[in-house]
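1. Sequence plus predicted model, see below.
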Amino acid sequence: MNFNGLQTDDKSGVALLTGAYVRWTIPEGWNRIEVDLGCGSGSFLLQMAEANPETLFLGVDIMLGRLRKVQKKIERLGLQNVILLRAPAWSFIDIFLPSESVDRIHILCPDPWPKAKHRGNRLASSEFMGCLSQKIKRGGTFHFGSDHVPYVEMVLSGIAGLRQFVSNQNRLEDHKEFKTDFEKGFLEEGKLVHHFAWELV
Ligand SMILES: C[S@@+](CC[C@H](N)C(=O)[O-])C[C@H]1O[C@@H](n2cnc3c(N)ncnc32)[C@H](O)[C@@H]1O
């Protein structure tokens with residue numbers, strides 16, 4: 001896989017996006033790219049990768065320890081279509097991804113930062129989604145899921161002001177059976193995760 005000369009973790013081979021300004025060159029032979037941003041333990045990512053061997057998946061998370069465990073699962077499953085990258089989400093989207101390079105970006109159960117004083121830490125701000133929209137191909141998809149209603153409301157109202165996002169819930173169909181570990185936990189507690197998909201026009 002082409003990591004553009006990024007440093008890799010000695011223990012696992014996970015690619016590390018540090019302070020360097022590196023823009024990704026998509027490896028040859030891959031026409032379809034999907035990103036699971038904040039992939040955590042990788043349940044959703046790996047189910048998607050197994051179901052779509054012709055798509056290259058990027059699993060991105062800030063926690064290297066989690067990614068090391070995901071890398072072990074990838075090796076056990078023998079998957080050839082997943083790259084793991086330890087990176088802060090903003091640098092990954094803004095710096096690493098080339099413009100209009102990705103077919104679908106998933107942000108699932110992001111940290112909700114429920115306290116008013118921490119709301120500024122939420123990842124999916126309008127500014128972030130504006131930046132993210134430039135990295136998704138025309139006709140591509142942004143998929144967001146959260147159990148936390150105030151966060152969902154923030155995202156819906158932010159996207160209402162971004163005309164490049166057009167709601168298209170059909171884009172949830174192909175993976176509606178695939179759950180992240182957080183979603184599984186919420187379901188056990190009787191909490192629903194609300195999923196939304198938008199097409200980029
Ligand atoms: C609540 S967990 C959800 C994990 C997974 N999506 C799921 O639903 O099971 C949020 C994940 O986002 C990651 N994360 C939080 N802030 C991040 C950031 N700024 N950049 C990249 N990953 C981040 C955390 O390390 C964590 O794995």
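-> In hand now; what should we look at? Computed from a predicted structure; not experimentally measured. Numbering: from 1, shown residues only.
2. Check residue 149 and give its pLDDT.
-> We note a pLDDT of 97 for residue 149 in this prediction.
3. what do you get for residue 86?
-> 96.
4. Next up, the contacts around it.
-> Residues in contact with residue 86, defined by Cβ atoms under 8 Å, 6 or more residues apart in numbering, are 9, 14-17, 60-64, 67. In short, each C-beta sits where N, CA and C put it, glycine included.
5. and the lowest-mean-pLDDT helix or strand in the chain, which strands flank it?
-> Counting by mean pLDDT, DSSP states H and E, the chain has its least confident helix or strand at strand 7-8, which shows a mean of 90. With DSSP bridges as the test, strand 7-8 is paired with strand 15-16 (antiparallel).
6. and the next element down the chain from the strand it pairs with?
-> strand 32-37 (DSSP states H and E).
7. Next, please give the residue ranges for the helices of this protein.
-> Under the criterion DSSP state H, the chain contains helices at 43-51, 64-77, 89-91, 126-133, 149-160, 181-188.
8. avg pLDDT for the strand ranked longest in the chain?
-> As assigned by DSSP state E, the longest strand anywhere in the chain is strand 136-146. For strand 136-146, the mean pLDDT works out to 98.
9. circling back to that earlier point, of the helices of the chain, give the one that comes closest to residue 201.
-> helix 126-133 (9.9 Å; Cβ to Cβ).
10. Residue 183 touches residue 176, doesn't it?
-> No: judged on Cβ atoms under 8 Å, residue 183 makes no contact with residue 176 at a distance of 11.3 Å.
11. who has more neighbours, the two?
-> A count of neighbours by other Cβ atoms under 10 Å puts residue 183 above the other of residue 183 and residue 176, at 21 against 8.
12. This completes my enquiry, with thanks.
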